[in-house]
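# What would the 3D arrangement of this be:
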Amino acid sequence: MVTYILRRILMLIPILIGVTFLVFAIAEVTPGDPVVIMLGTRATPERIATLRAELHLDDPFLLRFGRYIVNAVQGDLGRSIRGQTPVMQEILDRLPSTAQLAFAAVIFATLFGIPVGVIAAQSRGKLVDNAAMLTALVGLSIPSFWLAIILIIIFGINLKWISVTGGEGVKDLILPAFTLGLAPAAVLARLTRSSVLEVKEEDYVRTAHGKGLKKRTIQIRHILRNALIPVITYLGMLFADLLGGTVFIESVFARPGLGRFAVNAISARDFPQVQGLVLFIATFYVVINLLVDLLYGVIDPRIRFTN
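Numbering: from 1, shown residues only. You can find the predicted model right below:
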């Protein structure tokens with residue numbers, strides 16, 4: 001197990017370096033001089049040249065990239081062009097708000113999607129199954145940006161139940177979490193239904209019925225436990241997706257998280273912020289992927305990790 005984990009971690013290193021190189025290269029060819037952004041268009045050429053030398057922007061591309069990797073390993077993602085504040089600190093300051101929203105959306109999607117999928121599978125072909133899948137299809141088809149605007153108009157402007165200028169309370173988290181988690185809940189319902197139906201046809205389930213085990217025991221221990229393997233894969237990657245995909249939701253609901261941070265950084269062409277955020281989210285992705293793989297062995301004893 002330890003050898004497997006170490007090997008997986010070593011495999012993640014070139015992935016992260018590749019992602020960082022790609023973002024670094026995109027920033028290199030993107031129009032706009034970060035020094036001009038910092039000093040303004042009225043800065044003299046001498047002042048611009050001096051600052052470029054201080055920031056080592058005239059160094060060769062590979063040298064700057066190597067220096068960035070060395071600093072990133074030490075937790076230094078550079079400094080913001082606009083505020084000259086550490087990028088890592090800016091990310092960590094906004095991470096709790098985004099993590100709270102992503103976690104709430106995953107909880108909503110799980111509490112809604114998995115039970116609906118199980119109930120639909122147990123009632124295959126019946127009215128309950130058709131109604132559940134129709135509801136999931138509607139939830140999957142509604143554009144999140146349209147739903148967010150409608151919810152803001154109804155509950156924020158008309159009913160005044162939430163603040164339209166942003167808030168950090170539990171009440172202000174309900175609508176963003178619902179908007180962000182609706183489509184994943186629909187996907188979970190459909191995925192759970194298909195997985196449960198597939199597992200119900202396995203030989204070991206028929207054997208359990210033949211032994212006269214209780215129906216509840218069969219459903220929980222033999223069907224649901226094995227059916228949750230693809231569901232857990234989706235849930236693990238879902239949290240990572242939501243953590244890096246809250247751009248529009250946070251902008252609409254005025255939440256001070258990583259989504260708005262990314263929008264502002266891109267708009268201002270603050271390349272250190274963009275590079276740092278992409279590297280941070282990519283690292284989170286690969287770590288979540290590793291944890292999901294390890295969780296397989298806990299859920300399904302048939303899965304063993306070999307060296």
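# Can you report how many residues neighbour the closest residue to P184 other than its chain neighbours?
Closest residue in space to P184, ignoring its immediate chain neighbours: A109 at 4.1 Å, by Cβ to Cβ, 6 or more residues apart in numbering. Just so you know, the C-beta spots here come from the backbone N, C-alpha and C atoms, and that holds for glycine as well. Residues within reach of A109, counting by other Cβ atoms under 10 Å, total 28.
# swap in N226?
Using other Cβ under 10 Å: N226 sits among 20 other residues.
# Once you drop chain neighbours, what's closest to it?
V199 (4.9 Å).
# Which strand or helix spans the one you found?
Element membership for V199 (DSSP states H and E) is helix 171-200.
# Show the contacting residues for the residue nearest to N226.
205, 222-223, 226-227 (Cβ atoms under 8 Å, 6 or more residues apart in numbering).
# Tell me the pLDDT of it.
Looking at V199, its pLDDT stands at 81.
# Can I get stretch 183-203 as PDB, trimmed to CA atoms?
Only the C-alpha atoms of stretch 183-203 are listed here, as PDB (Å, rounded to 0.1, in the frame of the first residue of the first chain):
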ATOM      1  CA  ALA A 183     -27.100  19.500 -12.000                       C
ATOM      2  CA  PRO A 184     -24.800  17.200 -10.100                       C
ATOM      3  CA  ALA A 185     -27.700  15.900  -8.100                       C
ATOM      4  CA  ALA A 186     -29.500  14.900 -11.300                       C
ATOM      5  CA  VAL A 187     -26.300  13.200 -12.600                       C
ATOM      6  CA  LEU A 188     -26.000  11.300  -9.300                       C
ATOM      7  CA  ALA A 189     -29.600  10.100  -9.500                       C
ATOM      8  CA  ARG A 190     -29.100   8.700 -13.000                       C
ATOM      9  CA  LEU A 191     -25.700   7.200 -12.200                       C
ATOM     10  CA  THR A 192     -27.000   5.600  -9.000                       C
ATOM     11  CA  ARG A 193     -30.000   4.200 -10.700                       C
ATOM     12  CA  SER A 194     -28.000   2.600 -13.500                       C
ATOM     13  CA  SER A 195     -25.400   1.300 -11.100                       C
ATOM     14  CA  VAL A 196     -27.900  -0.300  -8.800                       C
ATOM     15  CA  LEU A 197     -29.700  -2.000 -11.700                       C
ATOM     16  CA  GLU A 198     -26.400  -3.400 -13.000                       C
ATOM     17  CA  VAL A 199     -25.400  -4.800  -9.600                       C
ATOM     18  CA  LYS A 200     -28.800  -6.300  -9.000                       C
ATOM     19  CA  GLU A 201     -28.100  -8.700 -11.900                       C
ATOM     20  CA  GLU A 202     -24.800 -10.000 -10.500                       C
ATOM     21  CA  ASP A 203     -24.500 -13.600  -9.500                       C
END
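# For that stretch, which residues meet the burial criterion?
Residues 183-193, 195-197, 199-200 are the ones in stretch 183-203 that count as buried (16 or more other Cβ atoms under 10 Å).
# cool, stretch 6-21 as well?
12, 16, 19-20.
# Contacts only, for F108.
177-178, 181, 185.
# what's the spacing between it and L224?
Distance from F108 to L224, counting by Cβ to Cβ, to the nearest Å: 20 Å.
# re earlier: which of the contacts of F108 tops the neighbour count?
G181 (27 neighbours).
# wait, isn't it in contact with F103?
No: using Cβ atoms under 8 Å, G181 is not in contact with F103; the gap is 10.2 Å.
# neighbouring contacts of stretch 110-130?
Counting by Cβ under 8 Å, 6+ apart, 132-133, 135-136, 181, 184-197, 200, 224, 231, 235 sit against stretch 110-130.
# and with 10 Å instead?
With Cβ atoms under 10 Å, 6 or more residues apart in numbering as the contact definition, stretch 110-130 has outside contacts at 131-133, 135-136, 139, 178, 181-182, 184-200, 219, 223-224, 227-228, 231, 234-235, 238.
# Perfect, I'm done here.
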